[in-house]
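Engineer: coordinates for the following, if possible.
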Amino acid sequence: MKQVSNYLSSLTKYNVSGDGSVKTISANQSGTLYVLAQRADLKRTDAAQCKVNGQAMQRSSSDINYPAGHGKNFFPFAQIEIAQGNPHKLSCNQPSGTKLIALLDPHIRNL
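Structural biologist: Below is the predicted model:
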């Protein structure tokens, strides 16, 4: 269990809106950027409608299960690799009411 909590604490979380507004993602490290939705919303999401620097994200098959309390966990539906360097611009257009978060999983972790 300790490894799981260490892993989750190594992720950087960003709150994302599904209305297409841009969220700046810091690129202090290279890694995989995931966009997650709650289980009830997953069937309505479209990975290609999330873009980083204008490039469509790919469908995610990651098994991350990010706890959000009260039994409301988030699950990834989109992912993209990002490079270290300049900040990246993330935007998502998803159905109204879809709650989203983004997680940056760094390639190198200090566990």
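
Engineer: following the helix or strand hosting residue 13, which helix or strand comes up?
Structural biologist: Here residue 13 sits within strand 12-16, counting by DSSP states H and E. Using DSSP H and E, the helix or strand that follows strand 12-16 in sequence is strand 19-25.

Engineer: got the contact list for residue 45?
Structural biologist: Counting by CB atoms under 8 Å, 6 or more residues apart in numbering, residue 45 touches 37, 77, 78, 94, 95, 98. (Each C-beta comes from the backbone N, C-alpha and C, glycine too.)

Engineer: over to the third one: give its phi and psi.
Structural biologist: Here is the backbone geometry of residue 78 (degrees, to the nearest 10): phi -140, psi 150.

Engineer: touching, it and residue 35? I think so.
Structural biologist: Yes - the criterion here is CB atoms under 8 Å, and residue 78 meets it with residue 35 at 4.3 Å.

Engineer: what is in contact with those two at once?
Structural biologist: Common neighbours of residue 78 and residue 35 (CB under 8 Å, 6+ apart) are 47, 50, 57, 60, 92.

Engineer: among those residues, which one is most surrounded by other residues?
Structural biologist: Counting neighbours by other CB atoms under 10 Å, residue 50 leads the shared contacts of residue 78 and residue 35 with 28 neighbours.

Engineer: need the per-residue pLDDT for that one.
Structural biologist: Listed pLDDT for residue 50 reads 98.

Engineer: what does whatever helix or strand residue 104 lives in rub up against?
Structural biologist: Secondary structure from DSSP H and E places residue 104 in strand 100-106. Strand 100-106 has contacts (CB under 8 Å, 6+ apart) with 10-18, 23, 25-26, 29-37, 64, 66, 68, 74, 76, 82, 90, 92, 94.

Engineer: quick revisit: in strands only, show me the contacts of residue 45.
Structural biologist: Within the contacts of residue 45, residues falling in strands by DSSP state E are 37, 77, 78.
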